[in-house]
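1. need coordinates for the below:
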Amino acid sequence: MRHVPLLCLLLMVAVAGPAPRTQNDTRPLVFFIQQDIRPDADRLLLNDGMQELMGRLPADLPVRIYLTTRNEYTRIHAGPAGQLVWPPTGFTLTVTSPATTPYRNLLSFLASEELAGHTVVFITNGRSADLFSLVDTEGFIQGADSFSPSRYPPLHELVRHCKEHRISLVGLLVTTGASPRLQPDLLRVVNDAFNYGVNGSGGWAYSNFSTFTSVFNSLLKKGRLQP
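-> Residues are numbered from 1 along each chain as shown. Predicted coordinates for the structure are as follows:
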């Protein structure tokens, strides 16, 4: 009979079920945006797309916005989507800098902020001298497959980290075919690296979209912006 009280308690828990989630339990929707993505972001109307998206998300949904450039990142907003007037204070975009390491920065950010189970929207042009340094340019241009994304440690580690911490990565590549001063062969490197990092992690990779509004509408329709 000494086991009866414990049995009763277990039955009560089973009937009651788990406690309902409160607003404090809701994970924030995280945006990690590369800062040096002009002029591509201008052509794709990033500001218009973000403004419309904030109006369509649940007003009480917590949102965090981060900017990254070179080897640093900065949080510029944290609060409910309904209170965010876009663009937020501190949001500025610059022209491309080869010193930026977007994948290395993203990996460092995810680890430093100890994110787990979050949805992270990663907006990038995927370019860095750090990445391009792995390419045997002469052989690559002659048709040799001299580049493998897995050779770039930040990409390999990013895939592993996202899987281990259940991070849903939504990648939006803003480099377009019309991007100035980017050789077609290096554009191929950018695309291969992006798809490897995002799709390999179990996330969703988007490129060649017409505007940010269109790709955000698609994400909302498919339920891929759930925190």
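2. pretty sure Tyr73 is in a strand, no?
-> Yes. Counting by DSSP: H, G, I helix; E, B strand; the rest coil, Tyr73 is part of a strand.
3. so which residues of the chain form helices?
-> 4-16, 40-43, 46-56, 102-112, 129-132, 137-141, 153-164, 184-200, 212-221 (DSSP state H).
4. want to try CSV for the ones you listed, with mean neighbour count and mean pLDDT as columns?
-> (C-beta placed from N, C-alpha, C; glycine too.) Listed next are those as CSV, based on neighbours: other CB atoms under 10 Å; pLDDT from 0 to 100:
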stretch, mean neighbour count, mean pLDDT
helix 4-16, 9, 42
helix 40-43, 17, 91
helix 46-56, 18, 97
helix 102-112, 20, 97
helix 129-132, 17, 87
helix 137-141, 13, 49
helix 153-164, 18, 96
helix 184-200, 19, 88
helix 212-221, 17, 97
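5. who's in contact with the most centrally placed residue in the chain?
-> Centroid check for the chain by CA atoms, centre = their mean gives Phe122 as the closest residue, at 2.1 Å. For Phe122, the contact set (CB atoms under 8 Å, 6 or more residues apart in numbering) comprises 32, 102, 106, 169-172, 198.
6. any idea how far Ala59 is from it?
-> 24 Å (CB to CB, to the nearest Å).
7. re the thing from before, can the contacts of Phe122 go into a markdown table with extra columns for distance to Leu45?
-> Shown next, in a markdown table, are these (distance: CB to CB, whole Å):
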| residue | distance to Leu45 |
| --- | --- |
| Phe32 | 20 |
| Pro102 | 21 |
| Leu106 | 23 |
| Leu169 | 23 |
| Val170 | 18 |
| Gly171 | 18 |
| Leu172 | 13 |
| Val198 | 22 |
